[in-house]
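Peer 1: could you work out the structure for the sequence below:
(chains A and B)
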2 protein chains.
Amino acid sequence: MATAALLTDRYELTMLQAALADGTASRRSVFEVFARRLPDGRRYGVVAGTGRLLELLPDLRFDDEALGWLAREGVVDERTCEHLAGWRFTGDVDGYPEGEVYVPGSPLLTVRGTFAEAVVLETLVLSVLNHDSAVAAAASRMTSAADGRPCLEMGSRRTHEEAAVAAARAAAVAGFAGTSNLEAGRRYGLPTIGTSAHAFTLLHDDEDAAFAAQVAALGPSTTLLVDTYDVAAAVERAVALAGPGLGAVRLDSGDLGELAHDTRRQLDRLGATGTRITVTSDLDEHAIAALGTAPVDSYGVGTSLVTGSGAPTAGLVYKMVAREDAGGDLRGVAKASRHKEGVAGAKRAWREVSGGVASAEVLVVEGDGGAPEVPGARPVQVALVRGGEVVAEGATGPQGVRRAAARHGEARAELPADARRLQRGEPCLPTHVLGARA
Amino acid sequence: MATAALLTDRYELTMLQAALADGTASRRSVFEVFARRLPDGRRYGVVAGTGRLLELLPDLRFDDEALGWLAREGVVDERTCEHLAGWRFTGDVDGYPEGEVYVPGSPLLTVRGTFAEAVVLETLVLSVLNHDSAVAAAASRMTSAADGRPCLEMGSRRTHEEAAVAAARAAAVAGFAGTSNLEAGRRYGLPTIGTSAHAFTLLHDDEDAAFAAQVAALGPSTTLLVDTYDVAAAVERAVALAGPGLGAVRLDSGDLGELAHDTRRQLDRLGATGTRITVTSDLDEHAIAALGTAPVDSYGVGTSLVTGSGAPTAGLVYKMVAREDAGGDLRGVAKASRHKEGVAGAKRAWREVSGGVASAEVLVVEGDGGAPEVPGARPVQVALVRGGEVVAEGATGPQGVRRAAARHGEARAELPADARRLQRGEPCLPTHVLGARA
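Peer 2: Residues are numbered from 1 along each chain as shown, chains lettered A, B, ... in the order given. Modelled structure (predicted):
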């Protein structure tokens, strides 16, 4: 790839060209990222991808290869290419800390800079946050439904190979305990999991030979896949070969609840009382909840997780909410169309919390004198970038994921009890927008 | 990234370790990629991603950074790390040409090699094909519904930043005429499109100033976005500023059918009879079909396209269908579980076509003497890789996309007429599986 800078929509650069020509490119501008609504009856969203964005942002440049292509293709004119050669983001970014929950209107990310700086970020910001937040929102419902039992991410094969790494990361933000994806393990320090597939059993002359080979190579604490032929016969074989210290058996088909009960009884009868049962067949948050009374020790989740369980994108938008006018003052702006109106002006976000339970999201529109504090509420936004440099501590790399997971646990625990219901419903917090002087 | 080789599930490598230890790693194996079912009442699937896979495959290696991490983490033992240091794929791959249509059971890709070679490819093969084929299947329904009017891909912001590039490519395979994604333009030679967003209008003191700036910078043939405030007033302004040679206006909200009719009448009245109308608000194949009688000149599609319009993954699986036995003979294998059975043995695929219309997919299971031809049918598979080297001509890079788009046009045109219906239904071709000696 020439550079991450071309991971963008053409119109960001043609707008830049037109704004450079008439001088508006240098106007100070404020863009906010928010959701107009939550997908599919969800009660809350989960901010994810912020750490990835902060890893990408400082290095974002238009290199010679990118500039050469833009010029050759005539995407933008020579003046714009020259501007892009020196382009870097030197503005400020504030945002909800990664892992925080949000509701419609919550300003997840606020970007301040010249129009030339801020407009160029739009597509990349949205790609990262829309993908990662969609996965994290689904993951959060799954870890909620699992009620303390570990959830393991196994969906790499169902999504784009690089999206898979980001999905594993987003799942970890929302409480997943491990991932099958090795690159996610390497890049973000996530625990990786996985032992064998049906192909390994089929490769061998019989199941006995396959189990013996796996136990010899990976030790008796391994997880044996027991549903290639007959589950009960395989469990018998597995314990006979690995001994009662067998780590786990995996069920990947059939009626998982019934099979888990049968298998648990069989394992106990065989003396393998410590052998765990992991289930992995097309699970989503509803299937996980339905298995709550079954003797299941961990859930492996693939397709539903990486595709956002019915909501594969978070639907976040990046909208200009204020910009400098001809007189040099910052002025709130909003599109006036009937169907997509927004609230003009940069907003400070507060969460009203009473007795440890969140009750409302309060957005205070900034005025000339800034935005007043909301008594008894906690401020949600934190400083992420100042003058183009990342200032948020520990927000990137493996540490960023760990901190985001901790933040998510706290933020979710603070929500009203019905926020964790899987049924469709309204956003779990009402949003109040206050003028700067309210 | 250390290497694309870590874009995989941990169990591929633990299986390798166990198979190296007991000698089965060297058994010749055949894996097939196929769909157990089509998603969501779809009538056909579209093969996409093959070219991307062929770009990745020859360079797939475990480099020192990857090997060091695998060793440090104890993912696999020393012997396996040593094996991986010399690992490369030296086997054969056959497959449906990119752009071809498929139905359940169609062997889209057949991988032959030792178990050690073939098992390592599983996750990456599925990530690429599942993502790209999901987008292409949705795109094909959209270009069908558009019935010759150009469809433009604008979904980058709704999906992971690298998935966005692959999605733009997959859309082109299924007949999309352009993309907003610049990196997709650069990497695959796709036409790129886009001029301005609402932010550009909001940046300016009024719409007049914004339109004047855009026309000055990009010329009167540009596309002006006319729904920031009042559409009719904006159209009036747009033609006044750009003249009747204005390229196009874009409608991004409201009742697009009604607005398109009103706008067309207004443009014609203003003498701008050549000015085109492009619409871009949350379109999917059904919305496109519903606009068939409206005076719309092109469709910009975002969210629905890149998320597969309800089916964000193609659900393809990579299954072992045959492997060498202890005597050195290739033996068909299949999992026996009730819910996920497959057909043992490598399969040759033929499409029965009569009078230019496809009528069935015929899969012939290979026996000792190969697989007999099916008279009157065309063979679907082509040779992609031999001895680890790509042998398919023109299957990669920009040429690969162009050829795949041509193939898709031909393959879709050959389907029975009702295959293009948007309503839910059965796969448009029945699949017949014949034994090698049938």
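
Peer 1: so who does A:Val103 touch?
Peer 2: A:Ala35, A:Leu38, A:Tyr44, A:Gly45, A:Glu361, A:Pro427, A:Cys428, A:Leu429, A:Pro430, A:Thr431 (CB atoms under 8 Å, 6 or more residues apart in numbering or on different chains). For the C-beta atoms, the positions are set from N, CA and C on the backbone; glycine is no exception.

Peer 1: buried subset of these as a ChimeraX selection?
Peer 2: Applied in ChimeraX, the following selects the buried portion of those according to 16 or more other CB atoms under 10 Å in any protein chain shown:
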select /A:35,38,44,45,361,427,428,429,431
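
Peer 1: among the contacts of A:Val103, which are in strands?
Peer 2: Under the assignment DSSP state E, those contribute A:Ala35, A:Gly45, A:Glu361, A:Thr431 to strands.

Peer 1: hang on, isn't the first one packed against A:Ala314?
Peer 2: Which is A:Ala35. Yes: if you go by CB atoms under 8 Å, A:Ala35 and A:Ala314 touch, sitting 6.3 Å apart.

Peer 1: overlap of the contact sets of those two?
Peer 2: Overlap of the contact sets of A:Ala35 and A:Ala314 (by CB under 8 Å, 6+ apart) consists of A:Gly45.

Peer 1: including distance to chain B, could the contacts of A:Val103 go into TSV?
Peer 2: Shown next, in TSV, are those (distance: CB to the nearest CB, whole Å):
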residue	distance to chain B
A:Ala35	12
A:Leu38	15
A:Tyr44	20
A:Gly45	15
A:Glu361	24
A:Pro427	20
A:Cys428	24
A:Leu429	25
A:Pro430	26
A:Thr431	22
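
Peer 1: domain parsing of chain A, as residue ranges.
Peer 2: A:4-136+A:311-434, A:137-310 (automatic domain parsing).

Peer 1: most tightly surrounded among these?
Peer 2: For the domains of chain A, the largest average neighbour count (mean count of other CB atoms under 10 Å in any protein chain shown) is found in domain A:137-310, namely a mean of 22.

Peer 1: before we move on, the earlier item: quick one: the contacts of A:Val103 as a markdown table, columns for pLDDT and distance to A:Val173 too.
Peer 2: Shown next, in a markdown table, are those (pLDDT from 0 to 100; distance: CB to CB, whole Å):
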| residue | pLDDT | distance to A:Val173 |
| --- | --- | --- |
| A:Ala35 | 97 | 17 |
| A:Leu38 | 96 | 17 |
| A:Tyr44 | 98 | 14 |
| A:Gly45 | 98 | 12 |
| A:Glu361 | 97 | 20 |
| A:Pro427 | 96 | 20 |
| A:Cys428 | 96 | 19 |
| A:Leu429 | 97 | 20 |
| A:Pro430 | 96 | 25 |
| A:Thr431 | 95 | 23 |
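
Peer 1: low-confidence ranges in the stretch 1-150 of chain A?
Peer 2: A:1-2 (pLDDT under 70).

Peer 1: for the stretch 201-350 of chain A, which residues are neighbours of chain B?
Peer 2: A:202-205, A:209, A:212-214, A:216-218, A:227-230, A:252-254, A:303, A:306-308, A:312-313, A:315, A:318-320, A:323, A:325-326, A:333-340 (CB under 8 Å from any CB of the partner chain).

Peer 1: what do you get if the cut-off is 7 Å, keeping everything else the same?
Peer 2: Counting by CB under 7 Å from any CB of the partner chain, the stretch 201-350 of chain A comes close to chain B at A:202-205, A:213-214, A:216-218, A:227-229, A:253-254, A:303, A:307, A:312-313, A:320, A:323, A:325-326, A:333, A:335-340.

Peer 1: mind checking which of the residues you listed land in helices?
Peer 2: Mapping those onto helices (DSSP state H) picks out A:Leu202, A:Leu203, A:Ala213, A:Gln214, A:Ala216, A:Ala217, A:Leu218, A:Thr303.

Peer 1: for the fifth one, list the residues it contacts.
Peer 2: The neighbourhood of A:Ala216, defined by CB atoms under 7 Å, 6 or more residues apart in numbering or on different chains, consists of B:Ala21, B:Asp22.

Peer 1: tell me which stretches of the stretch 101-250 of chain A form strands.
Peer 2: Applying DSSP state E, counting those that start in this stretch to the stretch 101-250 of chain A gives strands spanning A:101-102, A:109-114, A:151-153, A:178-179, A:223-225, A:248-251.

Peer 1: picking up where we left off before, identify whichever of the domains of chain A lies nearest to B:Lys347.
Peer 2: Of all the domains of chain A, it is domain A:137-310 that lies closest to B:Lys347, at 16.1 Å by CB to CB.
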